[in-house]
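S.K.: Quick one, what's the 3D model for this:
(chains A and B)
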Amino acid sequence: MADDMLKSDNLPQNPERASLEGRNKFMGFWFFLGGETVLFASLFGTYLALRNSPAEGPTASEIFGLELVFIMTIVLLTSSLTSVYAMYHMKNGDFKKMQLWLGITVALGFTFLGFEIYEFYHYVHGYHFGYTTSAFSSAFYTLVGFHGGHVAFGLAWIISLMIRNAKRGINLYNAPKFYIASLYWHFIDVVWVFIFTVVYLMGKVG
Amino acid sequence: MSATARKAGFGAALWDYLTTVDHKKIGILYLVAGIFFFILGGLEAMLIRIQLISPNNEFISAQFYNEVLTMHGTTMIFLAAMPLIFALMNAVVPLQIGARDVAFPFVNSLGFWLFFFGGVMLNVSWFVTGAPDAGWTAYAPLSIFSEGHGVDFYAIGLQISGFGTLMGGINFIVTVVNMRAPGMTYMRMPLFTWTAFIASVLILFAFPALTVGLFMLTFDRLFGANFFDPAMGGNAIIWEHLFWIFGHPEVYILILPAFGVFSEVIPTFAKKRLFGYSSMVFATVLIAFLGFMVWAHHMFTVGLGPIANSIFAVATMAIAVPTGIKIFNWLFTLWGGSIRLTSPMVFALGFIPTFTIGGMTGVMLASAAADFQYHDSYFVVAHFHYVIVGGVVLGLFAGIIYWWPKMFGTMLNEKLNHWFFWLFFIGFHLTFFIQHFLGLMGMPRRYWKFLPDQGLDLFNLISTIGAFFMAVGTIVFLYNVIITQVKGVKVSGDPWDARTLEWAIPSPPPFYNFKQEPLVRGLDPLWIEKTEGNGKIQPATPLGDIHMPNNSFVPFMMSLGLFIAGFGVMFQGTYWVLAVIGFGITAGSMLYRSFKDDLGYHVHKEDLEDEKGDGSNG
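M.R.: Numbering: from 1, shown residues only, chains lettered A, B, ... in the order given. Reported below is the predicted structural model:
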């Protein structure tokens, strides 16, 4: 039976949920995301409490520019779509196409992260808006930085899976791993939608 | 690793426990670590009580008193009560639902080692720059301005052990949802499994708030962030909110499994089905739900305003209703039962009135207007010791004694257990009952000294004498553990004549638990077979190969990495190299785990047929 786990042919319709281990991972990861939701909710709550406390530093409406953030949003949302394509091909047992779409997802993720680093650099050097400037700055960098850290971790995760399994295709053992990595990626995306709304839109107009 | 190669020396046994993924052994690890920290926290309590034995005492310095007081609370909650609950959950829950292991054996081991290294980290502070001294609640801004690295140890140590607890919680949720044996429907699950399940859900949704709070505390202290510094626009109340959004559900994380223990012990020794099983389940879920709505009752005097205070006061009082349902259900289970006064039962009988007193003072404290009088006085100290010691600790010891035969195959000496109970119980009431009155007379909590001739001398003396009774009781228990294990007299699989599935297999169970999956025909499945069948659980599946997980040293290394990294983050400068090494070890271990296939192994059915001891169900 152990050997069956590593065979790549005749996969069932939903290989990620075909084994008990896969079903456990699938469910455990959903619960983990529930905990992550509380984590980000706490960060959002703190940010909302401190967003109007810029002390001597710049305020939200002075520094935020919606153009760049809008592009970042499009990039990240698109990467969520491409990861769906990857999972679609996984369920069809088409390993090459899955790798291709995961590769595109990773590229979009790096693009997003690059923009975010540029954005932070711009705030620090253009506006003297550092991590220790004010309560607002600490809350901003912590919330958005936690999200950025999640993106970076997700990228490392997906790349590791792609490299590890490059030579052997999809099987019952690694299908759940790919699947929960894509769940994680969607979650990061959803959190960003809230950051875009609560941090940037409300910061500019709210 | 396999069924063979059992006998080995100390080194092999140590390696076995360092790498084990077997829930029964992890349960023993949690038990040993939990008892160790319980003794440590108890010694800290004794120092507090000796300092307060007489007015103007100079037994220990003010700074050391603050450290002892902080570490007593932190140790008892996070490093003693939590792991002891996880010890019982690990030892019992998979057996009660007829599972061969938990859903994530590897994560189970990781959860233990993270908890353990977090606990060690906290206690290393005693030897490096001094222990945390801002109270177990670490309220800002006191915790921000506390000198030295004590509070950093608090923040980072709890962070590491909190990750472990979170993982343990997720593991048990999935175990209960996915791993139940055929016929074990939700409404046939034993109450201990139910409460462990609900407590795990609480862990999942409560601990991330603490994670965020601890991150902010760390960032404020070590990286110059301004979350809690009003001069820079920060707000110290945020800490209180985050801490209690975690902290209040934490109270129910602790007490619900204790309720579960009593709901197992009382039916067994009253020889009756648990009265009102479904209302017990309902009350458990309701307590958990309401537990998230009451955190601000810890903050009545902060100044949230009368409307917020009223809402939280009413929500808090509402919890008395499902808790009352439970108390009456236990009483009705006792009613008309043929009661055996074994030691777990005596703990249960001692628990009911004690916890009721704690609940009653809880309702008193929930009255926001009156709370301004009780707040930060010994009345509060008395209240929470009545619910935590009178509820959680009595529950844990009842559970440890009750399931000791299942975990170790031996039976603790009943006579010594009764001695332990009476010493501990009398000592407890002597220590804490009188503190209600100390509080009402105006003695504030957490003070290093009190002055003579204010009417506080005698009551404090009595309280300290009570603490010595509790200490002697605990020593009796430890002595009992040692002589029982040295004698090593083995008992049968069902020494209590009990009702649930875990008693249908040998003590201690074989490493695969059930040779064949058991068939569950109703609530209290073993009792059903005893009264309607041949006394043995029928198998649901034919004998087949059993899939088992491989042992792994990776969880230990992952946790060790975070432990090392913690010092780097704390001391910075040239110590950053420790952070690089530590995070490197953790990340490397994670990559190793990800890259190396771990498919487990199979125990073949031919070997199972040979196996003596009847690992099966009949």
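S.K.: helix/strand/coil for the closest residue to residue B:505 other than its chain neighbours?
M.R.: What sits nearest to residue B:505 in space, not counting adjacent residues and going by CB to CB, 6 or more residues apart in numbering or on different chains, is residue B:493, at 5.9 Å. To be clear about C-beta, it is placed using only N, CA and C from the backbone, and glycine gets the same treatment. Following DSSP: H, G, I helix; E, B strand; the rest coil, residue B:493 is assigned to coil.
S.K.: Quick check: residue B:493 touching residue B:503?
M.R.: Yes: between residue B:493 and residue B:503 there is a contact under CB atoms under 8 Å: 6.3 Å.
S.K.: Up against chain B, what does chain A have?
M.R.: Residues of chain A lying close to chain B (CB under 8 Å from any CB of the partner chain) are A:1-2, A:5-6, A:20, A:23-24, A:27-28, A:31-32, A:34-36, A:38-39, A:42-43, A:45-46, A:49-50, A:53-55, A:131-132, A:134-139, A:142, A:160-161, A:164, A:173, A:177.
S.K.: Which secondary structure element is home to the nearest residue to residue B:497 once chain neighbours are set aside?
M.R.: Spatial nearest neighbour of residue B:497, excluding adjacent residues (CB to CB, 6+ apart): residue B:268 at 7.5 Å. Assigned by DSSP states H and E, residue B:268 falls within helix B:237-270.
S.K.: What residue in chain A comes nearest to chain B?
M.R.: Using CB to the nearest CB, residue A:53 is the residue of chain A that sits closest to chain B, at 3.0 Å.
S.K.: can you pull the contacts of the closest residue in space to that residue that isn't next to it in sequence?
M.R.: Excluding the flanking residues, the one nearest residue A:53 by CB to CB, 6+ apart is residue B:233, at 3.0 Å. With contact taken as CB atoms under 8 Å, 6 or more residues apart in numbering or on different chains, residue B:233 is in contact with A:50, A:53, A:54, A:55, A:134, A:135, A:136, B:226.
S.K.: Now for the fourth one: which residues touch it?
M.R.: Applying CB under 8 Å, 6+ apart to residue A:55 gives the contacts A:133, A:134, A:135, A:136, B:226, B:231, B:232, B:233.
S.K.: who does residue B:444 bridge with?
M.R.: Counting by DSSP bridges, residue B:444 is bridged to residue B:377.
S.K.: just to revisit the earlier point, any quick ChimeraX command for the buried ones out of the residues of chain A next to chain B?
M.R.: To isolate the buried ones among those in ChimeraX, judged by 16 or more other CB atoms under 10 Å in any protein chain shown, type:
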select /A:5,23,24,27,28,31,32,35,36,38,39,42,43,45,46,49,50,53,54,55,131,132,134,135,136,137,138,139,142,160,161,164,173,177
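S.K.: What is the least confident helix or strand in chain B?
M.R.: helix B:605-610 (a mean of 80; mean pLDDT, DSSP states H and E).
S.K.: May I see the buried residues of that helix?
M.R.: Neighbour count says helix B:605-610 has residue B:608 buried, by 16+ other CB under 10 Å.
S.K.: going on from the helix holding residue B:268, what's the next piece of helix or strand?
M.R.: Using DSSP H and E, the next helix or strand after helix B:237-270 towards the C-terminus is helix B:277-291.
S.K.: one step back: out of the residues of chain A next to chain B, list just those in helices.
M.R.: Residues of those located in helices (DSSP state H): A:2, A:5, A:20, A:23-24, A:27-28, A:31-32, A:34-36, A:38-39, A:42-43, A:45-46, A:49-50, A:135-139, A:142, A:160-161, A:164, A:177.
S.K.: Show me which helix runs longest in chain A.
M.R.: Longest helix in chain A, counting by DSSP H: helix A:95-127.
S.K.: number of nearby residues for the nearest residue to residue A:176 once chain neighbours are set aside?
M.R.: Nearest residue to residue A:176, sequence neighbours excluded (CB to CB, 6+ apart): residue A:22, at 3.8 Å. Applying other CB atoms under 10 Å in any protein chain shown, we find 22 residues neighbouring residue A:22.
S.K.: Ok, residue B:12 next?
M.R.: Residues lying near residue B:12 (other CB under 10 Å) number 12.
S.K.: In a helix, it, correct?
M.R.: Yes: using three-state DSSP, the assignment for residue B:12 is a helix.
S.K.: any idea how far it lies from residue B:19?
M.R.: Distance, residue B:12 to residue B:19, using CB to CB, to the nearest Å: 11 Å.
S.K.: among the helices and strands of chain A, which one scores worst on average pLDDT?
M.R.: Sorting the helices and strands of chain A by mean pLDDT, DSSP H and E puts helix A:2-5 at the bottom, at a mean of 68.
S.K.: now the helix holding residue B:268 and helix A:20-50, what's the angle there?
M.R.: 140 degrees (axes from the mean of the first three to the mean of the last three CA atoms, to 10 degrees).
S.K.: what's around residue B:558, how many residues?
M.R.: The burial count for residue B:558: 24, using other CB under 10 Å.
S.K.: And it, what's its pLDDT?
M.R.: The per-residue pLDDT reported for residue B:558 equals 97.
S.K.: Which residues are in contact with it?
M.R.: B:110, B:113, B:114, B:585, B:586, B:589, B:590, B:593.
S.K.: ok, back up a step: looking at residue B:493 and residue B:503, which has the bigger crowd around it?
M.R.: residue B:503 (25 against 18).
S.K.: before we move on, back to that, mind picking the two most distant members of the contacts of residue A:55?
M.R.: A:136 and B:231 (13.7 Å; CB to CB).
S.K.: Checking my notes, residue B:341 in a helix, right?
M.R.: No: read with three-state DSSP, residue B:341 is coil and lies in no helix.
S.K.: how many other residues sit next to it?
M.R.: With other CB under 10 Å as criterion, residue B:341 counts 10.
S.K.: Check what pLDDT it gets.
M.R.: 97.
S.K.: which phi and psi does it have?
M.R.: Residue B:341 adopts backbone torsions of phi -90, psi 60, taken as degrees, to the nearest 10.
S.K.: ok, it to residue B:355 distance?
M.R.: From residue B:341 to residue B:355 the distance is 19 Å (CB to CB).
S.K.: repeat for residue B:373
M.R.: Taken as CB to CB, the span from residue B:373 to residue B:355 is 24 Å.
S.K.: Phi, psi for residue B:20 please.
M.R.: phi -70, psi 150.
S.K.: residues contacting the spatially closest residue to residue B:351 that is not a sequence neighbour?
M.R.: Spatially, and ignoring its direct neighbours in sequence, residue B:351 is nearest to residue B:394 (4.5 Å; CB to CB, 6+ apart). Each residue near residue B:394 by CB under 8 Å, 6+ apart is listed here: B:258, B:347, B:348, B:350, B:351, B:354, B:425.
S.K.: Need the max-distance pair from the residues you listed.
M.R.: So, these by CB to CB: farthest apart are B:258 and B:425, at 15.3 Å.
S.K.: Return the residues of the stretch 151-300 of chain B in contact with chain A.
M.R.: Residues of the stretch 151-300 of chain B lying close to chain A by CB under 8 Å from any CB are B:166, B:170-171, B:173-174, B:177-179, B:204-209, B:211-213, B:215-216, B:219-220, B:223-227, B:229, B:231-235, B:238, B:241-242, B:245.
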